[in-house]
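Colleague: Starting from these lines, generate the structure:
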Amino acid sequence: MFATTHATSAIAAGLFVLGHVVGTVLLGVALWRSRAVPRWAALATIVSQPLHFVAAVVLGSPSLDLVAWGLNAAGFTAAAVAALSLYDTAKAYDRAARIDGLRLLSKSGGKSGDYVATG
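Modeller: Okay, here's the model as predicted:
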């Protein structure tokens, strides 16, 4: 549709990519330092976006890009599992506790018995 890209659009796209890569690396560093997830998951999160950038933008390698996305998925899954495990700590205070974006729908067993979320 457009033959050229406006300079402002190119700058905005570059800043978006840079922010995305730096933000994911910082998230991985925070996971590493907090020890909330296994070290491999934090490391996977740290290297996933720089690897994705190199694979997709610099090299144009779809197979390496797939590896980068797999690392990202593994790291984020481990972070989600760690966040859900906080429920065991929080349930002593509020059994309906929620972690933004993640929620326990049901559980069975344990000292406090079964739980099924309402709503």
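Colleague: Val22 - how many residues pack around it?
Modeller: By other Cβ atoms under 10 Å, the residues close to Val22 number 12. Backbone N, C-alpha and C define where each C-beta goes, glycine included.
Colleague: That one: which element?
Modeller: Applying DSSP states H and E as the criterion places Val22 in helix 7-34.
Colleague: tell me the mean pLDDT for that helix?
Modeller: Mean pLDDT, computed over helix 7-34, is 88.
Colleague: got it, and stretch 95-110?
Modeller: Averaged across stretch 95-110, pLDDT comes to 75.
Colleague: how far is the helix holding Val22 from where the chain is centred?
Modeller: With Cα atoms, centre = their mean, to the nearest Å as the basis, helix 7-34 stands 13 Å off its chain's centre.
Colleague: Could you list the buried residues of it?
Modeller: Buried residues in helix 7-34, counted by 16 or more other Cβ atoms under 10 Å: 21, 24-25, 27-28, 31-32.
Colleague: ranges for the helices of this protein?
Modeller: Taking DSSP state H, the helices of the chain run over residues 7-34, 39-53, 62-90.
Colleague: Counting by contacts, list what the helix holding Val22 packs against.
Modeller: Using 3 or more Cβ pairs under 8 Å, 6 or more residues apart in numbering; DSSP states H and E as the contact test, the elements touching helix 7-34 are helix 39-53, helix 62-90.
Colleague: and the first one, what does it pack onto?
Modeller: With contacts taken as 3+ Cβ pairs under 8 Å, 6+ apart, helix 39-53 sits against helix 7-34, helix 62-90.
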